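Engineer: Using only what follows, build the 3D model:
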Amino acid sequence: MKTALMAGVTAAALSLALAGTALAADISGAGSTFIYPVFAKWADTYKTNTGTGLNYQSIGSGGGIKQVEAKTVTFGATDKPLGDDELTKNGLVQFPMVMGGIVPIVNLDGVKPGELVLDGPTLAGIFLGTITKWDDAAIKALNPKVKLNSAPIVVAHRSDGSGTTFNFTDYLGKNSPEFKDKVGSDTAVEWPIGVGAKGSEGIANTVKQTAGSIGYVEYAYAAQNKLSYADMKNADGKVVSPSIETFASAAANADWAHAKNFNLIITNQPGAKSWPIAASTWVLIHAQPEDAAAAGEALKFFAWAYTDGKAEAKALDYVSIPDAVVKQIEASWSGITSGGKPIYTGK
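Structural biologist: You can find the predicted model right below:
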């Protein structure tokens, strides 16, 4: 990674640092932890270039949805897209910001990042509690050359409303009818096993401190904080590592042009090189915002991020939204109005 965040610094503290001395024009947002690493980098560069800051609270998608619906922030960010009814009810529009990957992180003595291999059914069994030891036959079959002991598996999952959880459980449900039936997929679910932790930082700290544990975080966070992660066997039966290439392969199947309100889930995509737990983050903003000036500044920031922020997103292993889709997104911004006139008129 070319850019690293200091391990152990809380998301809340860093969001305050990014805000600096708040100006009237500064942008406020809250939500997804998945997008936080790249938002943090973009915010720093954008403030240097424009003088406009971003105060983004990395509190999870559920919190971001609640805050933007309550109009306490200019925009929310969520890894679970809202349905048409909820968007209409709350007067919101949504559009994708970036795509990337979620990885299982593990704490196994002597096992380095990428040495352990898992697949969807096995991962689902672990989070269901039907696979309870690291030397279970299903895990050993995937890892014939890895020395695995009979230590119990300690599961760590998100305790807060999280779009990362939504995409992770969506993937597990696609690979396990039992998981889909008993647990389902949402930003918060009733986990049958495990220890809850708040945010990516909470999951990471729990796994770091607990031998034999497993959790899940966005890849950028795992890489920056040097967490050990597992490779995955994908929908085509190929073992792949998390990387910009495997995320891009999964994202290549994303047909945004035909997705109403840009509502599209990209887990378990086909392709020999596709990372199976790929995900997107959407921005939520009011169609008729009370603070038109703040909404206008936010849209300028997003437009900048789609173009000038591409290199920084790639350096953190996020996949940028294709240019053709960005044009569709910016065209949709004509529906974000104040006094009957579009707020965004260009950079």
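Engineer: what about E86, neighbour count?
Structural biologist: 14 (other C-beta atoms under 10 Å). In this view, the C-beta of every residue, glycine as well, is placed from N, C-alpha and C.
Engineer: quick one, what contacts it?
Structural biologist: By C-beta atoms under 8 Å, 6 or more residues apart in numbering, the contact set of E86 is L92.
Engineer: And the strands in the stretch 151-300 of the chain?
Structural biologist: Along the stretch 151-300 of the chain, the segments classed as strands by DSSP state E, counting those that start in this stretch run 154-158, 195-197, 213-218, 231-233, 239-240, 278-286.
Engineer: Columns mean pLDDT on top of those strands, output as CSV?
Structural biologist: CSV is the format used below for the strands of the stretch 151-300 of the chain (pLDDT from 0 to 100):
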stretch, mean pLDDT
strand 154-158, 98
strand 195-197, 97
strand 213-218, 96
strand 231-233, 98
strand 239-240, 98
strand 278-286, 97
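Engineer: mind checking which of these is nearest F75?
Structural biologist: strand 278-286 (4.5 Å; C-beta to C-beta).
Engineer: and that closest one, what other elements does it pack with?
Structural biologist: Applying 3 or more C-beta pairs under 8 Å, 6 or more residues apart in numbering; DSSP states H and E, one finds that strand 278-286 contacts helix 61-69, strand 75-78, strand 92-106, helix 163-175, helix 244-251, helix 292-307.
Engineer: just the angle between the third one and strand 213-218, please?
Structural biologist: When you say that, I think you mean strand 92-106. Going by axes from the mean of the first three to the mean of the last three C-alpha atoms, to 10 degrees, strand 92-106 is angled at 150 degrees with respect to strand 213-218.
Engineer: in strand 92-106, what counts as buried?
Structural biologist: By neighbour count on 16 or more other C-beta atoms under 10 Å, the buried set for strand 92-106 is 92-106.
Engineer: Out of the strands of the stretch 151-300 of the chain, the one nearest G83 is which?
Structural biologist: Across the strands of the stretch 151-300 of the chain, closest to G83 is strand 278-286 (C-beta to C-beta), at 12.0 Å.
Engineer: Parallel or antiparallel, which strands does the closest one pair with?
Structural biologist: According to DSSP bridges, strand 278-286 forms sheet pairs with strand 75-78 (antiparallel), strand 92-106 (antiparallel).
Engineer: mind checking how far the first one is from the chain centre?
Structural biologist: Going back to what we said before, that points to strand 75-78. 12 Å (C-alpha atoms, centre = their mean, to the nearest Å).
Engineer: which residues are contacting that strand?
Structural biologist: 27-32, 35, 39, 56, 61, 64-65, 67-69, 94, 97, 163, 281-285, 295, 298.
Engineer: Quick one: end-to-end length of stretch 283-297, please.
Structural biologist: 14 Å (C-alpha to C-alpha, to the nearest Å).
Engineer: care to break the protein down by domain?
Structural biologist: By the assignment in automatic domain parsing, the chain contains the domains 11-99+279-342, 102-254.
Engineer: Let me have those in a markdown table, extended by distance to P270.
Structural biologist: As requested, those are exported to a markdown table (distance: least, C-beta to C-beta, whole Å):
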| stretch | distance to P270 |
| --- | --- |
| domain 11-99+279-342 | 16 |
| domain 102-254 | 5 |
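Engineer: and K260, which of these is closest to it?
Structural biologist: K260 lies closest to domain 11-99+279-342 among those, at 6.8 Å (C-beta to C-beta).
Engineer: quick one on the thing from earlier: what about the strands of the stretch 151-300 of the chain, which gets the closest to D186?
Structural biologist: It is, among the strands of the stretch 151-300 of the chain and with distance given as C-beta to C-beta, strand 154-158, at 11.2 Å.
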